[in-house]
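>>> from the sequence below, what's the structure:
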Amino acid sequence: MARFCRYALRTRAAHLVLGLVMLLPMAPSASARNSLLGSEPAAGAVLASSPAEVVLTFAEPIEPAYSSVAILDGRRHRLDGGVMHRDPTLAGRVHVTLERPAAGPCQVVWKVVGKGGRLTSGHFTFQVGP
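Numbers count the residues shown, from 1 in each chain. Presented below is the predicted three-dimensional model:
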């Protein structure tokens, strides 16, 4: 009887492990997030003069109607007009024009919705001047 119980426990454990292994391909991967691939200016950049625009490139196309990007100065005042434009050649790239020149520390804050309605948000800083 004891031998049968050990066999049953081992069999159940093996089935549990097999079931978990089979679920792994169904789990969302890190690449499912619409991550920021790059920006101009780059995160942490120190610029001699204010950029005319900030460009963000994401891993997948975004939905501009449900997305936003804000460029803030050191006092958290907006430097942009609240309008972003999707790049005509790359659906995962957006351009945000600065209405006022940047000086000192600046923060770029984004919330974008990509394919399938996935929301991704984040921020980075860059510096203009010494």
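
>>> please enumerate the helices of this protein.
Shown for the chain, the helices assigned by DSSP state H span residues 2-23.

>>> name the nearest residue to the residue positioned nearest the centre of it, sequence neighbours excluded.
Nearest to the geometric centre of the chain sits S35, at 3.4 Å (C-alpha atoms, centre = their mean). Nearest residue to S35, sequence neighbours excluded (C-beta to C-beta, 6 or more residues apart in numbering): A59, at 5.0 Å. Backbone N, C-alpha and C define where each C-beta goes, glycine included.

>>> shouldn't the one you found be in contact with N34?
Yes - A59 is in contact with N34 according to C-beta atoms under 8 Å; the separation is 5.5 Å.

>>> shared neighbours of the two, anything?
Listed as contacting both A59 and N34 by C-beta atoms under 8 Å, 6 or more residues apart in numbering are 92, 114.

>>> neighbour count for those two, which is higher?
A side-by-side neighbour count of A59 and N34, using other C-beta atoms under 10 Å, places N34 first with 21 against 16.

>>> ok, now which ones touch that one?
By C-beta under 8 Å, 6+ apart, the contact list for N34 reads 58-60, 62, 92, 112, 114-115, 118, 120.
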